[in-house]
Structures are given as C-alpha cells and as structure tokens.
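> Predicted model and sequence follow; I will ask about them next.
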Amino acid sequence: MHSAAVDLPDSPDDALAEAVVDLVLRGMWRGRPESEHRPLVDAGLAMVKGPLALPTERAKAAVSRILRISPGSAQEEQITAAYEAFLPLNRKIREVCTAWQCRTDGTANDHSDSVYDAGVRESLEDVHEAIQPVLRRLERVLEGSGWYLTALEEALDRFDDGAVQWLASPLCDSYHTVWMRLHQELLLVLGISRAEDEAREEELVTRSRG
C-alpha cells in the first residue's frame with residue numbers, strides 16, 4: 001500500500017517498509033510464517049510472542065514518518081475533512097459492536113432474540129451507508145485507501161452469511177478490524193495522537209447532537 005523506505009539506517013528496504021506499515025496498521029500478525037516476520041525482528045521492528053508478531057515502538061516511530069503527509073498541504077486539508085466526517089461514525093461503530101456483544105441491560109447477547117439482532121444489523125447498515133461517501137472522498141486524496149471499502153463490504157457479506165466473527169473478531173479482517181486499520185492510518189497520515197483524536201471525536205459528536 002505504501003512504498004516509502006523505512007527511515008532507519010539499518011532498514012532501507014522498500015519491501016521491509018511495506019511490511020512494517022502493514023504490521024503497525026494491523027496491530028499484530030497472527031500465525032504468519034517466520035520468513036515474514038524474521039526480517040522485521042532482525043531490524044528491531046517487531047517482537048514475537050507465541051503465535052503473534054507485534055510492532056515495537058521503533059516500528060511505530062518509523063511508520064509515523066513513512067505515512068505522514070506534508071503538514072499544511074492541500075492534501076492534508078482534504079484528508080482532515082474526511083477524517084472529521086469519519087469520527088462521528090467511529091463512535092457509532094463502537095456502539096454497534098458493543099450492542100452486538102451485550103444487551104441494553106448489560107447481559108451478554110446470546111443471539112437468541114432475532115428481533116434484537118436485526119436491530120443491531122440495521123444500525124450497522126446505517127454506519128456502512130454513511131462511511132461509503134467518506135471513503136470515496138478519501139480514495140481520491142490518499143493513495144491505496146480504496147481497499148478499505150472493498151474489505152468492509154467483504155466482511156459485511158461474510159457476517160450476513162452467518163459467520164458472526166466477521167463483525168468484530170480481531171483474528172480475521174472483520175468489519176471492526178478493517179475499521180481500526182483505517183482509523184490508525186488516518187491518525188498516522190495526519191500526525192494526530194490518540195488523546196487529540198479522542199478529544200476531537202467528542203467535540204464532533206457533541207456538535208452533531210446539538
């Protein structure tokens with residue numbers, strides 16, 4: 001998706017840059033062959049814990065340099081507009097995933113109530129319809145971002161086919177997993193911290209409700 005070289009003296013390789021970007025955006029690799037993560041481990045960009053390969057702080061710092069677009073540019077302004085349209089929907093997708101896992105009374109959702117589950121699915125559809133124009137706008141200004149909509153639609157199709165893990169499981173490219181990758185890339189591209197992100201989301205959600 002991105003081919004800039006890792007800004008580290010011992011890792012100038014474009015393929016390594018692609019791999020570390022993928023690892024950081026995913027948050028982890030699970031069950032990958034050693035041949036994939038070994039170069040990252042050797043470069044100090046990944047650590048292995050059992051079946052997981054996890055990005056190091058060095059990897060996160062490298063990816064923040066790889067993905068950051070030029071501050072003050074027209075591209076940054078356009079991506080920021082898409083990001084601010086994304087944030088209220090980010091709150092909604094969290095609410096959908098929570099509702100799928102827990103009933104309104106706080107008990108676990110055992111999926112025995114088809115009417116309740118259908119309501120959650122309808123809320124998910126509302127989010128999916130709302131994110132599509134945002135992603136189409138983003139695709140015009142952020143190279144490689146077109147895959148997000150395709151991946152979200154594939155996850156939604158699998159979920160509707162009865163594979164319920166495709167809504168929120170971290171062990172596959174579920175709807176929520178793909179969404180989190182999109183969120184992480186936006187933060188890295190724009191150089192926004194998690195604290196700044198949370199504050200801006202709250203501001204935008206409050207404004208939209210007012």
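Thanks, I have the structure now.

> From here on, just use CA atoms for contacts and neighbour counts.
OK.

> any idea how far residue 184 is from residue 157?
Using CA to CA, to the nearest Å, residue 184 is found at 23 Å from residue 157.

> likewise residue 30?
In terms of CA to CA, residue 30 sits 23 Å off from residue 157.

> likewise residue 120?
Residue 120 is 15 Å from residue 157, by CA to CA.

> the more surrounded of the two?
Using other CA atoms under 10 Å, the more surrounded residue of residue 120 and residue 157 is residue 120, with 18 against 15.

> Now residue 178: which helix or strand?
helix 175-190 (DSSP states H and E).

> With residue 63 instead?
Using DSSP H and E, residue 63 falls in helix 57-67.

> can you pull out the helices in this structure?
Applying DSSP state H to the chain gives helices spanning 14-26, 34-42, 57-67, 74-101, 114-139, 147-160, 165-168, 175-190, 194-209.

> roughly how far out does the longest one sit from the chain middle?
In this case it means helix 74-101. 10 Å (CA atoms, centre = their mean, to the nearest Å).

> Okay, buried residues for it please.
For helix 74-101, a neighbour-count test (16 or more other CA atoms under 10 Å) marks 75-76, 79-80, 82-83, 85-90, 92-93, 96-101 as buried.

> what mean pLDDT does it have?
Average pLDDT, helix 74-101: 97.

> ok, now how distant is residue 26 from residue 176?
According to CA to CA, residue 26 and residue 176 sit 11 Å apart.

> show me what contacts the most centrally placed residue in the chain?
Centroid check for the chain by CA atoms, centre = their mean gives residue 181 as the closest residue, at 1.8 Å. Contacts for residue 181 (CA atoms under 8 Å, 6 or more residues apart in numbering) come out as 25-26.
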